[in-house]
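# Here is a sequence together with a model predicted from it:
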Amino acid sequence: MTETCPPEGAALSWDDLAAKASVARECAYAPYSRFLVGAALEADDGRVFTGCNVENASYPVGTCAERMALGQAVVSGARSFARIVVATSGAVPASPCGMCRQALAEFGMDLEVMSVGAGGEATTWRLRDLLPAHFSPESLESLERVAAQPEAGS
Ligand code: THU
């Protein structure tokens, strides 16, 4: 039997997860900002999903590494997550942007978030500390109390 390293089923260290984020960063398509980002999102079942930023000549069309990793996870059936590592080409660890915080918050506020700079400097947070008072599914419950809205297109 072929040995894997780390052994299959073994918990990944933060360094292992950061290494996966760094590999993903190498795939980043960021010709406009030149700021390369990779993300490695670990599901509760141990699977790891990666993403990188993909920019576009129409600037707002670009997407972040974290949301690409989240999309990869969800399409694979994962919806609960333990950790995410973001690896950037910047010297200082960069925390996830507001849109990515909100996207991740949909699936739980206990997520541990680590950011690693190009030189290896790292910082960790809890998602709940990065995005207090987030917009949540419960926020939509107030919808029932507002007046009916017109049909789209009318
Ligand atoms: N970026 C990410 O991929 N994740 C973040 O959390 C912040 C920013 C990307 C978007 C853009 O391609 C580049 O970094 C500079 O903003």
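All right, it came through fine. Residues are numbered from 1 along each chain as shown.
# alpha carbons only for contacts and neighbour counts from here, please
Will do.
# And what about the residue nearest the centre of the chain, helix, strand or coil?
In the chain, the centroid-proximal residue (Cα atoms, centre = their mean) is residue 66; its distance is 2.7 Å. Under the three-state scheme (DSSP: H, G, I helix; E, B strand; the rest coil), residue 66 adopts helix.
# Using the three-state scheme, assign the closest residue to it other than its chain neighbours.
Leaving aside its chain neighbours, residue 66 sits nearest to residue 39 (5.5 Å; criterion: Cα to Cα, 6 or more residues apart in numbering). Following three-state DSSP, we place residue 39 in the strand state.
# Next: residue 115.
Three-state assignment for residue 115 (three-state DSSP): strand.
# Please apply the same query to residue 50.
Strictly by three-state DSSP, residue 50 counts as strand.
# count of neighbours near it?
Neighbour count for residue 50, taken as other Cα atoms under 10 Å: 28.
# Name the residues linked to it by a beta bridge.
Residues in a beta bridge with residue 50, per DSSP bridges, are residue 40.
# Stretch 48-56: end-to-end distance?
26 Å (Cα to Cα, to the nearest Å).
# circling back: from the ligand, how far out is the residue nearest to residue 66?
Look at residue 39 and the ligand: by Cα to the nearest ligand atom, to the nearest Å, they are 8 Å apart.
# Give me the distance between that residue and residue 68.
Distance from residue 39 to residue 68, by Cα to Cα: 8 Å.
# Which one's more surrounded, those two?
A direct count of neighbours by other Cα under 10 Å for residue 39 and residue 68 places residue 39 higher, at 35 against 21.
# distance of that one from residue 142?
Taking Cα to Cα as the measure, residue 39 falls 34 Å from residue 142.
# who touches the residue nearest to the centre of the chain in this structure?
38-41, 51-53, 86, 96, 100 (Cα atoms under 8 Å, 6 or more residues apart in numbering).
# pretty sure the residue nearest to residue 66 contacts residue 94?
No - applying Cα atoms under 8 Å as the test, residue 39 and residue 94 come out as separate, 11.9 Å apart.
# ok, now how distant is the residue nearest to the centre of the chain from residue 22?
Distance, residue 66 to residue 22, using Cα to Cα: 13 Å.
# Identify the contacts common to the two.
Residues touching both residue 66 and residue 22 (Cα under 8 Å, 6+ apart) are 38-39.
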